[in-house]
Structure formats: structure tokens, C-alpha cells
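>>> need a 3D model of the sequence below.
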Amino acid sequence: MRRVRVVLVEDNDVFREALELLLGMRGEVDVVASVGDGAAAVAAALEHRPDVVLVDYRMPSVDGIQATTELLAKVPGLAVVALTASADEGQREALLNAGAVLCLRKDQELDEIVAAIRQAAAGVE
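Below you'll find the model as predicted:
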């Protein structure tokens with residue numbers, strides 16, 4: 001099984017570092033970069049060419065919707081999976097309309113998050 005290359009975009013340092021550690025323990029995911037805001041997401045994706053970008057919805061300056069739109073415009077063949085703690089239905093729909101493949105909650109089980117990352121990567125291969 002090919003490892004899925006992932007860039008994490010999350011402004012909460014503690015959550016980002018914990019998720020990076022947990023995903024890194026999984027054999028099927030390779031976290032190639034971890035950044036704290038949407039503005040850094042595009043640069044990280046261009047540099048590391050991940051299969052999937054896991055992007056937070058609520059971030060200062062560039063939110064998840066703007067980041068998703070910009071990522072997909074500048075990095076062809078990329079899949080974006082949105083991760084949110086509190087987006088309402090309209091916000092989740094906006095993320096999907098911006099091009100996110102899936103929109104997950106931060107409190108979902110790690111297995112569900114990994115499965116979503118694999119599903120998103122499989123959809124763009």
C-alpha cells in the first residue's frame with residue numbers, strides 16, 4: 001500500500017502537533033509538512049507536492065474556504081480534506097463548493113480521518 005503524502009494546515013499548534021504525531025504513527029500516512037495558516041498552505045503544497053492537504057476551517061487571515069480555493073487553483077491534482085471543530089451546515093457546504101473532497105469534524109476517530117485521507121487520495125490518483 002502506497003503511503004499518502006499529507007500537508008497539515010491548522011492554526012492551533014497543540015492540535016496540529018498532536019495530529020501530526022498521531023498520523024505519523026500510521027503506516028499509510030506520511031506528513032510531509034505542517035503549517036499554521038492558510039497563507040502558508042499553498043507554499044507548502046507547491047514545495048512538497050502532497051496527495052492531500054488536511055485544512056482547518058477557522059484560521060486567521062486566510063480561512064479554510066479561501067485556502068482550499070487557492071490550493072486547488074495552484075496545485076493541480078491535489079485533494080483537500082477540510083477539518084473543522086464548529087462549522088455549521090452552510091459553512092460545510094461552502095467548503096465542499098470550494099472543492100474540498102470531504103469535510104470532517106476534529107472530534108472524529110483517527111481511523112475515520114485516516115480513511116478519509118486515503119479516500120481523498122484515491123479519488124485523485
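>>> and Ile117, what does it touch?
By Cβ atoms under 8 Å, 6 or more residues apart in numbering, the residues touching Ile117 are Val4, Val6, Leu23, Val29, Val52, Leu54, Val81. No exception for glycine: its C-beta is placed from N, CA and C like everyone else's.
>>> try 6 Å this time
Val4, Val52 (Cβ atoms under 6 Å, 6 or more residues apart in numbering).
>>> just list whatever residues bridge to the residue nearest to the spatial centre of the chain.
For the chain, the residue nearest the mean C-alpha position is Leu54 (0.8 Å; Cα atoms, centre = their mean). Applying DSSP bridges to Leu54 gives these bridge partners: Leu8, Val81.
>>> these two touch, right, it and Leu8?
Yes. The criterion here is Cβ atoms under 6 Å, and Leu54 meets it with Leu8 at 5.3 Å.
>>> before we move on, back to that, contacts only, for the residue nearest to the centre of the chain.
Val6, Leu8, Val81, Leu83.
>>> closest to His48 among those?
Val6 (9.3 Å; Cβ to Cβ).
>>> let me see the backbone angles for that closest one.
phi -130, psi 140 (degrees, to the nearest 10).
>>> return the residues in contact with Arg92.
Contacts of Arg92 (Cβ under 6 Å, 6+ apart): Cys103.
>>> got the buried residues for the biggest helix by length in the chain?
Secondary structure of the chain per DSSP state H: the longest helix is helix 110-124. Residues Ile113, Val114, Ala116, Ile117, Arg118, Ala120, Ala121 are the ones in helix 110-124 that count as buried (16 or more other Cβ atoms under 10 Å).
>>> what do you get for stretch 67-87?
Neighbour-count burial for stretch 67-87 [16+ other Cβ under 10 Å]: 67-72, 75, 78-84, 87.
>>> quick check: end-to-end length of stretch 4-21?
15 Å (Cα to Cα, to the nearest Å).
>>> that stretch: which residues count as buried?
Buried, per 16+ other Cβ under 10 Å, within stretch 4-21: Val4, Arg5, Val6, Val7, Leu8, Val9, Glu10, Asp11, Arg16, Leu19, Glu20.
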